[in-house]
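Participant: Model the structure of this input:
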Amino acid sequence: MKTRIWWLPLAILGAIALGPIGPALAGEAANQPAIGDTTVFATVPAPGHPFGVAVDTNRVYISTSAGDFFADPFTGGHLNSDGERVFAYDNHGRLVTTTSIATMPNSNMGLFGLALDGNPMSDRQLYIADMNGRILRLSLGQTNAAPVLFARAPLAGGWMVTMWNDLVFDRAGNLFMTDDKPRIWRVTPDGQASIWFQDPRLTGYFGFAGGPLGGRIDPTGKFLYFTITISAAFPGEAVVYRLRLVDHPSASDLQVVHRFPVVPGQQLPQAAGLAFAKSGNIYVGLIGTNQIAVLDPSGNEVRRISSPLFDSPWGLAFMGQSLLVTNADIQPVESPDRWKVLKVFVGESGLPLNRPRTSADDNRA
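Facilitator: Just a heads-up that it's a prediction; the model follows:
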């Protein structure tokens with residue numbers, strides 16, 4: 001009883017003593033950004049068009065895709081003869097290192113998805129999706145390391161036949177790749193690529209384009225979620241699907257999570273990258289309407305985030321309680337002043353991505 005009698009006055013006195021702190025705390029809350037507040041995190045130099053983004057402890061990695069795929073694909077479009085880049089920034093948006101990556105011959109496609117492994121920093125690897133059907137690997141623990149080939153799609157014909165977009169690790173160390181054609185690939189830890197799932201419902205509206213683009217694994221670790229940019233199955237709509245992570249998913253395993261409808265008089269929504277919050281909320285970049293959609297864990301849309309800074313918000317990755325968003329600027333008229341990585345406050349933290357230990361064996365090419 002003595003302990004309880006003693007504790008009660010202390011608690012009351014403590015509350016009285018802490019009284020003046022209340023207004024200060026309220027002031028701090030008032031200074032917190034509002035949901036959707038958007039600022040420029042970093043500027044991206046030539047060749048511009050930032051697509052992929054990956055966040056490490058003290059580095060942010062950005063991939064570029066400067067080829068013009070709005071041009072006629074059968075005449076080569078805008079070939080990026082200067083190659084692509086992976087830029088590394090510190091946590092304040094200052095450019096630290098630049099890695100040049102040669103493009104595939106006669107290609108107007110560049111780089112997109114980025115995935116980090118969980119190796120120690122001295123042996124850390126960055127996996128890079130080349131939309132020309134290959135995965136490159138860059139050793140981050142070596143100064144001036146050159147990227148090496150990790151995996152290649154076993155199909156000839158370039159991006160018109162298979163276009164690898166985003167990549168994400170499962171817990172076992174397999175990489176899952178979205179393909180702009182109606183396929184999802186799985187790449188085993190030894191770099192062997194095979195088609196994991198294919199279905200005509202994944203076909204893009206234009207046949208050769210508009211199919212699976214962004215991909216992430218959900219908080220349970222049991223499902224791969226992915227976007228369809230412009231669906232043929234639901235003409236013009238953007239769709240988020242999910243598939244159970246089993247060895248051989250069947251057609252019946254494909255589930256619609258959300259459909260973004262076509263609104264007359266507006267641009268098609270066009271879903272791109274996606275990211276999971278710890279809460280299970282799903283953030284989806286809509287490059288057609290220049291917005292980020294927020295879905296709850298059940299797939300219901302709860303919010304749209306807009307900003308005049310958005311210009312094709314492509315890749316998404318969490319940093320603290322904000323999303324880093326690549327401003328891809330994929331319209332035919334290039335606008336270097338729009339080549340930015342944006343920081344969008346969303347008020348919640350991201351789901352940590354799977355980062356398995358991987359082998360650092362030499363080039364498999």
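Participant: okay, CA-based contacts and neighbour counts for the rest of this
Facilitator: OK.
Participant: Can you name the element that comes right after the helix or strand where Val325 lies?
Facilitator: Per DSSP states H and E, Val325 falls inside strand 322-327. The helix or strand immediately downstream of strand 322-327 is strand 340-345, counting by DSSP H and E.
Participant: What helices and strands are in contact with that following strand?
Facilitator: strand 38-43, strand 322-327 (3 or more Cα pairs under 8 Å, 6 or more residues apart in numbering; DSSP states H and E).
Participant: okay, and the helix or strand of the protein with the least pLDDT?
Facilitator: helix 2-17 (a mean of 30; mean pLDDT, DSSP states H and E).
Participant: if we can go back for a sec, the strand holding Val325 pairs with which strands?
Facilitator: Within its sheet, and counting by DSSP bridges, strand 322-327 is paired with strand 313-319 (antiparallel), strand 340-345 (antiparallel).
Participant: Okay, now the unreliable bits of the protein?
Facilitator: Scanning the chain for pLDDT under 70 picks out 1-30, 67-81, 105-107, 208, 331-333, 360-365.
Participant: Mind doing that once more with 80?
Facilitator: By pLDDT under 80, the low-scoring segments of the chain are 1-31, 67-82, 103-108, 156-160, 207-209, 331-334, 360-365.
Participant: ranges for the helices of it?
Facilitator: Residue ranges of the helices in the chain, as given by DSSP state H, are 2-17, 21-31.
Participant: out of the strands paired with strand 322-327, deepest packed?
Facilitator: Among the strands paired with strand 322-327, strand 313-319 has the highest mean neighbour count (mean count of other Cα atoms under 10 Å), at a mean of 28.
Participant: Show me the contact partners of it.
Facilitator: Identification of contacts with strand 313-319 by Cα atoms under 8 Å, 6 or more residues apart in numbering yields 51-55, 113, 214, 272-275, 277, 283-287, 290-292, 323-328, 349-350.
Participant: do that again at 7 Å, thanks
Facilitator: 51-55, 272-275, 285-287, 290, 323-328, 349-350 (Cα atoms under 7 Å, 6 or more residues apart in numbering).
Participant: Gly83: neighbouring residues, count only.
Facilitator: When counting by other Cα atoms under 10 Å, one arrives at 18 neighbours for Gly83.
Participant: hang on, isn't it packed against Asn108?
Facilitator: No. At 10.2 Å, Gly83 does not count as touching Asn108 under the criterion of Cα atoms under 7 Å.
Participant: Would you agree His49 is in contact with Ile62?
Facilitator: No. His49 is beyond contact range of Ile62, at 9.9 Å (criterion: Cα under 7 Å).
Participant: Between the two, which is the more surrounded one?
Facilitator: More crowded of His49 and Ile62, by other Cα under 10 Å: His49, with 33 against 26.
Participant: which one is that one nearest to, not counting chain neighbours?
Facilitator: Ala328 (4.5 Å; Cα to Cα, 6 or more residues apart in numbering).
Participant: do you know how far the one you found is from Arg304?
Facilitator: 19 Å (Cα to Cα, to the nearest Å).
Participant: Tell me which of the two has more neighbours.
Facilitator: For Ala328 versus Arg304, neighbours defined as other Cα under 10 Å are more numerous around Ala328 (26 against 15).
Participant: Between the two ends of stretch 51-64, how far is it?
Facilitator: From its first residue to its last, stretch 51-64 covers 5 Å (Cα to Cα).
Participant: Contacts only, for Arg182.
Facilitator: Rather than Arg, residue 182 is Pro. Going by Cα under 7 Å, 6+ apart, Pro182 touches 198-200, 202-203, 211-212.
Participant: Isn't Asp123 up against Gly141?
Facilitator: Yes. Proximity of Asp123 to Gly141 meets the contact threshold set by Cα under 7 Å, at 5.2 Å.
Participant: Tell me how many other residues surround Pro120.
Facilitator: 10.
Participant: From Thr178, how far off is it?
Facilitator: Relative to Thr178, Pro120 is positioned 27 Å away (Cα to Cα).
Participant: again, but for Thr358
Facilitator: Distance from Thr358 to Thr178, by Cα to Cα: 21 Å.
Participant: Gly113 now?
Facilitator: In terms of Cα to Cα, Gly113 sits 10 Å off from Thr178.
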